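Participant: Structure, please.
(2 chains)
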Amino acid sequence: MKSDSWKPWALLAPSMSAVFLLLVIPVCFVIVYSFWLRAPSGADIPAFQFGNYAKFFEDFFYPKILIRTIRIAFETVFLCVVMGYIPAYFFYRSTTRYKQVFLLLIMLPFWVSFIIRTMSWINIMGDTGLINHFLLKIGLIETPISMLYNEFTVLMGLIMYLLPFMVLNIYVSLEGIDKSLLEAARCMGCTEWQAFREVTLPLSLPGVSAGCLLVFVLTAGTYLPPMILGGPGNDMIANLIFKRVIGTLDWPFGSAISVILLSLLFAIVWTYNRYLGINQIFKSFQGD
Amino acid sequence: MATGKKQPIVQFKGIMKRFGKVVAVEKMDFDIEEGSLVTLLGPSGCGKTTLLRMVAGLEEPTEGDIFIKGVRINDTPIHKRNLGMIFQNYALFPHKTIFENVAFGLKYRDVPKEDVTQKVTRALEMVRLPGVENRMPSQLSGGQQQRIAMARAIVIEPDVLLMDEPLSALDENLREEMRREVDNLQQMLGVTTIFVTHDQREALSMSDKILVMKDGRKQQEGPPEVVYNEPTNHFVADFLGHSNFIKGEVVAVDDQHVDVRIETGDVLFAENKGGFSKGDAVEMIVRAQRFDAFPMEEFEPTEGLNHFEGRIKDRSYMGGEVSYFIELGNNREIHVISMMRTRIYNLGEAVSVQVAPHHCHLIALE
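Facilitator: Next up, the predicted model:
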């Protein structure tokens, strides 16, 4: 063995220890907790039993929330792809000098607190919000229309949060496409649209799939948009965990739900990796 | 030299291209004959690639017209021009197999399925890469990828084959080999080819006609031997080969010769090709290979040739030949490339130099 084979490990050490301390250990705690018992008094009793998991699958109440979470995540991914590809493609084709400024604007929402951004929809779409206020003023309606607290507004909040991730992922992979490939396709008889279908679209798919994975995972684990913009029937799995742990201080059950979510996401990512290759994500960041 | 009987297949008429305020191609007329290989030669930024891209439709001319087979194609969209384009970086589709790459153009030409397979196989045989149909471009070497790009361009039987510095990404030895191959293929197919390069050796060895460009302007057009031997200006002579530029003044003109007094005070005879009269300021262009250097003691001047004396100032041995810088009087230096008929001369050695009048080419001093 070469004497300097320790070097890569030394370079990795800081981030590895951070991941270990801040991620691996807490997750282990959660897994351990998920087997504990909760006494009627509220105390947590160390144990090894599957009661918390059994409780989750006892009736359809909890699995329904899990299924809803997955469904909303897929819907969000789909909408983000459709709504994200168009601006990404626009940035890619645009020759304006302000391209960099536009890209910066895409990042702009990240400079404002996620909670504030989400809450601001209440000021726009709430009963006393901007839209209702305006419609009342011009006399189109007499009582405010109730627009908030349904699945549509939850999706809206999620898309607002996640769209930039999708746009940037797609944009980066589009930028990586050699423009002479398009010219070659055109010279061989493709119309602009056919060249897009033959060259641009397939070559940008790595970016699309990277964006999909990112959006999917982030959606499945988020709880703010449903909490702020959703009604009682729009809870997602993270809201459930939040309510168990913060609301009723039921750590064992909350942990069990977390482990179930984690396993499900792991299974999805693993399958994705199996068929699409997770390194696609890294490829899309290689640019040129 | 003139093969003017053939029909021009590509014609540029008053073609001009501006990018904003920058003129990429200055107004020019240029014809390309059917079946010929024409090289656009010049340093980078001279407009040669822009000219090519205008034929392909990838750039729109600011002014002027382009005709292919007598039809004005300015407004024909790219995909309706039947052209084969070969790019410097090959531009193979990385997500498609070699078969799909080569068959790409056929797919958009409604060629029946059975014919596609047959045509692709034939094209791959022509570029001497049979049997790679199922591989991906990334599995092939650079030279092989360029062959595939060639197969992809010729399989559609284009009216004109456009090549944009196709060999410049290859290493030296491979480039030589590919150059011969492109040349053979072009002759075999007889397809009109426009070849863009900044490499004079490529241009001289392959072309039927060379168009030398600089700063968007046409400098000279003609067969390689004319452009090389009879450059019309300083730039062309300087860009192609190793030239000596000797300033002088015409002191006498007769039927056969123009006598020029050069800076050293010597009078050299140049062949009279017309156009010069006594008193003209001229520049005499002599290729470094055209001078012969002899040892002083063995030198016997040949009747009718120019001869003068000099001293070896610098030399570099280049294997097949030796490159000398020979100092004449008056601080004037000439570059001589000698095929080493006798021996290598020493630094400081006095030599006699001889050059035939028909190798002394005159241009007006710019």
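Participant: Write out the residues of chain A neighbouring chain B.
Facilitator: With CB under 8 Å from any CB of the partner chain as the criterion, chain A meets chain B at residues A:178, A:180-181, A:183-191, A:194, A:198-199, A:202-203. From N, CA and C alone the C-beta is placed, and that goes for glycine too.
Participant: low-scoring stretches of the chain, by residue?
Facilitator: Just going to use chain A. A:1-3, A:277-288 (pLDDT under 70).
Participant: I was after chain B.
Facilitator: Applying pLDDT under 70 to chain B flags residues B:1-6, B:340-342.
Participant: before we move on, back to that, of the residues of chain A next to chain B, select the buried ones using a PyMOL command.
Facilitator: Selecting only the buried entries of the residues of chain A next to chain B in PyMOL, with 16 or more other CB atoms under 10 Å in any protein chain shown as the criterion:
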select buried, chain A and resi 178+180+181+183+184+185+186+187+188+189+190+194+198+199+203
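Participant: Point out the ones among the residues of chain A next to chain B that are inside helices.
Facilitator: A:180-181, A:183-187, A:194, A:202-203 (DSSP state H).
Participant: Kindly list the main-chain dihedrals of B:Leu40?
Facilitator: Phi and psi for B:Leu40, reported as degrees, to the nearest 10, are phi -100, psi 110.
Participant: beta partners of it?
Facilitator: Beta-bridge pairing of B:Leu40 under DSSP bridges involves B:Val196, B:Leu211.
Participant: if I look at it, how far off is chain A?
Facilitator: 17 Å (CB to the nearest CB, to the nearest Å).
Participant: For that residue, give me its contacts.
Facilitator: Contacts were defined as CB atoms under 8 Å, 6 or more residues apart in numbering or on different chains; by that measure B:Leu40 touches B:48, B:51-52, B:194-197, B:211, B:213.
Participant: Now do the domain split for chain B, please.
Facilitator: Listed by automatic domain parsing, the domain ranges of chain B are B:8-238, B:242-364.
Participant: Can you say which of those is packed in most?
Facilitator: Comparing the domains of chain B by mean neighbour count (mean count of other CB atoms under 10 Å in any protein chain shown), domain B:8-238 comes out on top with a mean of 19.
Participant: Just the terminal-to-terminal distance for that domain.
Facilitator: Separation of the first and last residues of domain B:8-238 by CA to CA, to the nearest Å is 30 Å.
Participant: Next: stretch B:320-334.
Facilitator: End-to-end span of stretch B:320-334 (CA to CA): 20 Å.
Participant: Residues touching it, excluding its own?
Facilitator: Defining contact as CB under 8 Å, 6+ apart, one finds that stretch B:320-334 is touched by B:244, B:246, B:262-266, B:286, B:288, B:291, B:293, B:308-316, B:335-340, B:344-345, B:351, B:353.
Participant: farthest pair in the ones in helices among the residues of chain A next to chain B?
Facilitator: The largest separation in these, counting by CB to CB, is between A:Cys187 and A:Pro202 at 18.5 Å.
Participant: Give me the three-state assignment for the residue nearest the centre of chain A.
Facilitator: Geometric centre of chain A, nearest residue: A:Leu218, 2.5 Å, by CA atoms, centre = their mean. Of the three states, A:Leu218 takes helix according to DSSP: H, G, I helix; E, B strand; the rest coil.
Participant: Now it. Nearest residue, chain neighbours left out?
Facilitator: A:Leu162 (5.9 Å; CB to CB, 6 or more residues apart in numbering or on different chains).
Participant: what does chain B have sitting close to chain A?
Facilitator: Near chain A, the residues belonging to chain B are B:56-58, B:77-81, B:83-85, B:87, B:89, B:91, B:93-95, B:104-105, B:107-109, B:152, B:156, B:162 when assessed by CB under 8 Å from any CB.
Participant: Can you tell me which of the residues you listed end up in helices?
Facilitator: Cross-referencing these against helices under DSSP H gives B:56, B:104-105, B:107, B:152.
Participant: What is the nearest of these to chain A?
Facilitator: Of all those, B:Gly105 has the smallest distance to chain A: 3.7 Å, by CB to the nearest CB.
Participant: can you map out the strands along chain A?
Facilitator: Counting by DSSP state E, chain A has strands at residues A:37-38, A:44-45.
Participant: Could you please name the strands the first one pairs with and the direction of each pair?
Facilitator: Within its sheet, strand A:37-38 is paired with strand A:44-45 (antiparallel), according to DSSP bridges.
Participant: contacting residues around the strand it pairs with?
Facilitator: Strand A:44-45 has contacts (CB under 8 Å, 6+ apart) with A:33, A:36-39, A:251-252.
Participant: Stretch A:193-205 too?
Facilitator: The set of residues external to stretch A:193-205 that reach it, using CB under 8 Å, 6+ apart, is A:85, A:89, A:170, A:173-174, A:176-177, A:181-182, A:185-186, A:190, B:79, B:93-95, B:104, B:108.
Participant: for it, how far is the first residue from the last?
Facilitator: Termini of stretch A:193-205 sit 17 Å apart (CA to CA).
Participant: So what's the gap between it and the chain middle?
Facilitator: Distance of stretch A:193-205 from the chain centroid (CA atoms, centre = their mean, to the nearest Å) equals 26 Å.
Participant: Give me the residue at the spatial middle of chain B.
Facilitator: The centroid of chain B falls nearest to B:Ala203 when counting by CA atoms, centre = their mean (2.8 Å).
Participant: In terms of secondary structure, what does the host helix or strand of that residue contact?
Facilitator: B:Ala203 is located in helix B:200-206, with elements delineated by DSSP states H and E. When contacts are defined as 3 or more CB pairs under 8 Å, 6 or more residues apart in numbering or on different chains; DSSP states H and E, helix B:200-206 packs onto strand B:37-41, helix B:172-189, strand B:192-197, helix B:224-229.
Participant: Perfect, that will be all.
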